[in-house]
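# Give me the fold of what follows.
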Amino acid sequence: MNQEQELVTGEAWREFCDRLKASGDRLLGDDFPAGAADRAEGYRHLCRLLIRGLYEQVEFANPAFPAMYRHNDDVMRWGGPNVDNTYWRAPVSADYAYRVDGWLPPGALFVIQSAYGEMHQGTMGVTAERTSADFAVGPDGSFSFVASTAPNEGNWLPFDENSDHISIREYNVDWGSDEPGRFLIERLDSQGQHPKPLDPGEFAEALHRAVDWADAGLVFWNQWMEGSRRNATINKFYGPFSATEGAAAIGYGGCDYALAPDEAMVITCDVPKAQYWSFNLYNYAWFESLDFANRTVTLNNAQIATDPDGRFRLVLAHDDPGVQNWLDTEGRGEAFMCFRWVMSKTMPTPESQVVPFSELSQHLPEFVARFTSDQRAAQIATRRQSRALRFRC
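Prediction:
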């Protein structure tokens with residue numbers, strides 16, 4: 001029976017459903033967390049991965065007629081996303097050449113890559129990388145580039161026969177004012193052409209690939225997070241370093257924390273000489289960003305108050321400590337914290353100190369910026385508005 005016949009008889013759909021059921025059962029394994037809240041997050045995460053897999057393999061899989069789409073957003077979160085990034089992706093093929101037109105607020109930072117595969121499927125590689133410092137950008141924030149295997153004058157993103165997608169990291173740093181970017185991709189020789197109708201056999205194969213994508217992500221990121229926790233010194237920062245499968249312009253570091261209900265962590269660091277820097281919290285097992293619209297689970301260089309001594313201090317705590325630089329744990333006693341220095345001339349490693357929450361004031365200099373409840377409410381309102389502007393409008 002060929003793939004078209006499998007689809008017509010319903011066999012392809014039944015296999016799709018059976019494989020999804022097996023993925024759900026996989027969550028019951030001893031290597032996944034077993035608490036009720038963890039299970040709920042796990043099944044939600046599987047649903048998100050499946051939606052993303054269908055996006056990747058069904059809806060946006062045609063390199064002959066590509067479209068830019070968000071491959072990690074405020075809902076479908078996976079693989080440790082930076083919430084200050086809007087992640088864009090489009091499929092490409094070495095058989096074609098493309099033009100990408102974009103717009104970002106003047107002076108905004110971006111990182112663009114041609115790449116192939118997925119980290120969680122063990123196939124990822126980067127062909128080329130360009131940043132906002134490499135491309136000519138108009139005074140109004142507009143720019144364009146050609147992506148192709150053949151060299152091109154002006155803004156050019158090279159790729160090769162292995163490349164299967166273009167990825168864009170758009171940086172939204174000032175949540176109170178930054179407008180979201182706009183991107184359009186088109187194949188250079190596609191004028192007057194249109195995609196062919198949906199092919200039954202190809203759709204059956206795409207369903208298989210979508211489950212492959214989701215199932216691999218479910219297992220890989222759980223193992224990645226467990227490995228991070230197992231190899232780390234709890235409550236101590238490491239890094240930064242460049243991730244092999246990540247962007248060369250980004251220095252990554254982290255800390256696996258464990259705090260009792262009455263404890264807090266004071267984080268102190270020299271201000272990096274970076275164009276952008278931030279801290280993000282992630283849940284264990286799923287490597288999802290937390291509720292960044294309603295809680296200060298992330299902070300970046302536009303949101304962090306720096307101190308007169310050339311350093312900055314953050315407080316990681318379950319309850320509001322009354323300082324501007326609060327990283328809210330959501331009440332999670334354990335989680336992973338990642339920091340990123342982007343296009344940085346210095347690579348400092350943060351220092352950490354776990355202290356009783358009730359004694360926090362004894363461990364913070366007087367010049368550390370304090371925050372009132374009204375200021376916190378205004379801060380959260382801005383975060384909610386930014387989420388709506390970036391993802392829901």
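# contacting residues around the residue most central in space within the chain?
With distances taken as Cα atoms, centre = their mean, Pro81 lies nearest the centre of the chain, 1.7 Å away. Residues near Pro81 by Cβ atoms under 8 Å, 6 or more residues apart in numbering: 72, 87, 289. Yep, even glycine has a C-beta here, placed from its N, CA and C like the rest.
# who are the neighbours in contact with the last one?
Read that as Ser289. 77, 80-83, 280-282, 297-298.
# From Leu27, how far out is Cys47?
Between Cys47 and Leu27 the distance is 11 Å, computed by Cβ to Cβ, to the nearest Å.
# Check Arg52 too.
Per Cβ to Cβ, Arg52 is found 17 Å from Leu27.
# So which of those two has more stuff around it?
Neighbour totals were compared for Arg52 and Leu27, and Arg52 leads with 23 against 20 (other Cβ atoms under 10 Å).
# Surely that one is within a helix?
Yes - assigned with DSSP: H, G, I helix; E, B strand; the rest coil, Arg52 falls within a helix.
# so what's it closest to, chain neighbours aside?
Take Arg52 and drop its neighbours on the chain: the residue closest to it by Cβ to Cβ, 6 or more residues apart in numbering is Met76, 4.9 Å away.
# same question, Ala274
Ala274 sits nearest to Ser344 (Cβ to Cβ, 6+ apart), 3.4 Å away.
# residue contacts, the one you found?
Residues near Ser344 by Cβ under 8 Å, 6+ apart: 251, 272-275, 277.
# ok, now Ala335?
Counted by Cβ under 8 Å, 6+ apart, Ala335 has contacts 256-257, 281-284, 290, 329.
# now do 10 Å
225, 229, 255-259, 281-284, 290, 297, 316, 329 (Cβ atoms under 10 Å, 6 or more residues apart in numbering).
# Which secondary structure state does Asn162 sit in?
coil.
# Burial check on the residue nearest to it when sequence neighbours are not counted, number of neighbours?
Spatial nearest neighbour of Asn162, chain neighbours left out: Tyr116 (4.6 Å); criterion: Cβ to Cβ, 6+ apart. Using other Cβ under 10 Å, Tyr116 has 17 neighbouring residues.
# what's the answer for Ala61, then?
Ala61: 17 neighbours (other Cβ under 10 Å).
# shouldn't it be in contact with Arg209?
Yes - if you go by Cβ atoms under 10 Å, Ala61 and Arg209 touch, sitting 8.2 Å apart.
# Overlap in contacts, those two.
Jointly contacting Ala61 and Arg209 under the rule Cβ under 10 Å, 6+ apart are Leu54.
# Now Pro91: phi and psi?
Torsion angles at Pro91 (phi, psi; degrees, to the nearest 10) stand at phi -80, psi 140.
# Can you say which helix or strand has the nearest residue to it once chain neighbours are set aside in it?
Of all residues not flanking Pro91 in the chain, Pro63 sits nearest, at 4.3 Å (Cβ to Cβ, 6+ apart). Pro63 belongs to no helix or strand when elements are defined using DSSP states H and E.
# Could you measure from Pro63 over to Arg99?
Taking Cβ to Cβ, one finds Pro63 at 14 Å from Arg99.
# Those two: which is more packed in?
Pro63 (19 against 16).
# I figured the more buried one was touching Tyr116, is that so?
No - judged on Cβ under 10 Å, Pro63 makes no contact with Tyr116 at a distance of 11.7 Å.
# what about the strands in the stretch 201-350 of the chain?
Remark: strands assigned in the stretch 201-350 of the chain by DSSP state E, counting those that start in this stretch are 238-241, 250-258, 263-270, 274-282, 298-300, 311-317, 326-328, 334-344.
# Run through the helices of the stretch 151-300 of the chain in chain order.
Under the criterion DSSP state H, counting those that start in this stretch, helices of the stretch 151-300 of the chain are mapped to 200-231.
# Where does the prediction get shaky in it?
Scanning the stretch 151-300 of the chain for pLDDT under 70 picks out the ranges 244-245.
# rewinding a little: contacting residues around the residue nearest to Asn162?
The contact partners of Tyr116, by Cβ under 10 Å, 6+ apart, come to 92, 123-127, 159-165.
# same thing with Phe279?
So Phe279 contacts 253-255, 267, 269, 297-300, 303-304, 314, 316, 325, 327, 337-340, 350 (Cβ under 10 Å, 6+ apart).
# same question, Phe159
Per Cβ under 10 Å, 6+ apart, neighbours of Phe159: 92-94, 97-98, 113-116, 127-128, 147-149, 165-166.
# can you rerun that using 8 Å?
The contact partners of Phe159, taken as Cβ under 8 Å, 6+ apart, are 92, 94, 114, 127-128, 147-149, 166.
# Repeat that for Met225.
Each residue near Met225 by Cβ under 8 Å, 6+ apart is listed here: 282, 284-287, 336.
# for Thr382, same thing?
Per Cβ under 8 Å, 6+ apart, neighbours of Thr382: 175-176.
# Much appreciated, bye for now.
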